[in-house]
Each structure stands twice: as structure tokens, then as C-alpha cells.
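Trainee: Could you work out the structure for the sequence below:
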Amino acid sequence: PWSFELHEEGFREAERFGTLRAMRWLEAELVVDDLYTGRWDESLARANEFIDVVASGQPHYMEAAVRDTRALIRLARGDLAGALADSEYVIALSGEAKDPQVVHPALAFHSRTLLEAGRVADAGRFADELLALLGLGKTGFISYWGISFAVVLAALGRADELEPAVAGRTETRWQTAALAYAAGGFEASADLLDEMGAVVDAAYA
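Mentor: Got it, this is the predicted structure:
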């Protein structure tokens, strides 16, 4: 969980120096961190505040990550309509961004949300889009969206498509955990995720 600690330390330092730009970025990082460490009430409160500021006319690059996070919490808490609204919004944002750091998680999380909504064909279509992007080159790496993508591919009976899609990329522990999940190694995946501090994904695995 080193990145979690660094984000918290960085936010405190940004507050101390009054560096608004750094504070805003790190607020968004904390929204994501709180999701994966199980502090959902805190994550949701930060996310709502962040999105309200954006809506007031202060756009921010990290809006996509924040809305992705809120979508996942809404999904887990049974608010399917809210989850779809957020994930669809991020898909629209990602079309403008063309940035793998935005596009890849947007596609993975939207596909998972659609899957949970019972829209299996649509989930497969967005999974296809992400697989196609991964196949274009070596841009981007498998990060916190990897487990959701593995969950979707496994549910679609296509888990064997993950490994060739990520071959040759910079290895991350997220990638290792996702590949283990896709291969049916749920316990190994859970152990690694737990070691990383991603307790929510570990519990799911």
C-alpha cells in the first residue's frame, strides 16, 4: 500500500503549502485509494465533492477516474442506474481524451457495469474494444482496472484472451493478479491483491 501512503502524505504537504493544483489531483487519487482499501463512505463523499466542483465550471483531468470510482461504488451498493450514468459519462469523456490512462479503465469498468446489468452483448462489445486497443501496441499498462477486465472476460467465457492481449507490456502486480484471476487462480490473485492493499478486489477474488 505504499502508493496509498504517498498520496496521503502528498495531500498533507499540498495543503500545508496551499498548492491548489496538487491538492485537487491528490484528492482524486484519494477517492480511488479509498475505494480499493474499503473506505467507501469516504470515497463517495470525496467523489461527490470533486464532481460538484467540476460541474461548477472547473474541469479536471482526473474527473474520469473519480466518476469511474463512484460508478463502482454505486454498482456494489445496488444503484445500477447511477453506476451506468457515471460509466456512460466517462465513456463519453474518454472518447475526447484518447489517453490510454483514461480510455482503458473507462472501457473495463463500463464493460463490467454492463455485465452486472445483464447487458452481456454490450459488455462483450466494450471488452472487444479494449482488447483491440491493447493489441495495437504497447502503450499503457495494466493497472487498477485489470481485475474488472479479468472478471468480465471470465464471465464471458473468454478469459484466455487476456494473456495474449497484455503480452510484452510492462509487468505490474495488478497485471499478475488479473492474469491469475483469468486463469482461475482466484486464491493466488486474492493473496497478491491483499498484499498490495487492494482489499476490495482481494475479497471479490
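Trainee: Quick check, residue 188 in contact with residue 182.
Mentor: No. Using CB atoms under 8 Å, residue 188 is not in contact with residue 182; the gap is 11.4 Å. Placement of C-beta: from N, CA and C, glycine included.
Trainee: So between those two, which is more surrounded?
Mentor: A count of neighbours by other CB atoms under 10 Å puts residue 182 above the other of residue 188 and residue 182, at 23 against 16.
Trainee: Do I have it right that that one meets residue 165?
Mentor: No. Using CB under 8 Å, residue 182 is not in contact with residue 165; the gap is 10.1 Å.
Trainee: quick one: secondary structure of residue 45?
Mentor: Secondary structure, DSSP: H, G, I helix; E, B strand; the rest coil: residue 45 is helix.
Trainee: how close does it get to residue 96?
Mentor: 27 Å (CB to CB, to the nearest Å).
Trainee: Of those two, which one has the most company?
Mentor: Taking other CB under 10 Å, residue 45 and residue 96 do not tie; residue 45 has more neighbours (13 against 9).
Trainee: Please determine how far the more buried one is located from residue 51.
Mentor: 11 Å.
Trainee: quick one: buried residues of the one helix or strand residue 175 maps to?
Mentor: Residue 175 belongs to helix 173-182 when assigned by DSSP states H and E. By 16 or more other CB atoms under 10 Å, the buried positions in helix 173-182 come out as 174, 175, 176, 177, 178, 179, 180, 181, 182.
Trainee: cool, stretch 119-129 as well?
Mentor: Buried-residue list, stretch 119-129, by 16+ other CB under 10 Å: 123, 124, 126, 127.
Trainee: Let me have the buried residues of helix 173-182 in JSON lines, extended by distance to residue 152.
Mentor: Shown next, in JSON lines, are the buried residues of helix 173-182 (distance: CB to CB, whole Å):
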{"residue": "174", "distance to residue 152": "15"}
{"residue": "175", "distance to residue 152": "16"}
{"residue": "176", "distance to residue 152": "18"}
{"residue": "177", "distance to residue 152": "15"}
{"residue": "178", "distance to residue 152": "11"}
{"residue": "179", "distance to residue 152": "14"}
{"residue": "180", "distance to residue 152": "16"}
{"residue": "181", "distance to residue 152": "11"}
{"residue": "182", "distance to residue 152": "10"}
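Trainee: I'd like to know which of those is nearest to residue 202.
Mentor: residue 177 (8.6 Å; CB to CB).
Trainee: who touches the helix or strand residue 49 falls within?
Mentor: Assigning secondary structure by DSSP H and E places residue 49 in helix 40-55. Contacts of helix 40-55 with the rest of the structure, by CB atoms under 8 Å, 6 or more residues apart in numbering, involve 24, 27-28, 30-35, 60, 62-63, 66-67, 69-70, 73, 76-77.
Trainee: do stretch 135-155 as well
Mentor: Outside stretch 135-155, the residues touching it (CB under 8 Å, 6+ apart) are 32, 36, 68, 72, 100-101, 104-105, 108-109, 111-112, 115, 123, 127, 130, 134, 159, 161-162, 165-166, 168-170, 172, 174-175, 177-179, 181-182, 189, 193, 198, 201, 204-205.
Trainee: Kind regards, and thank you for your time.
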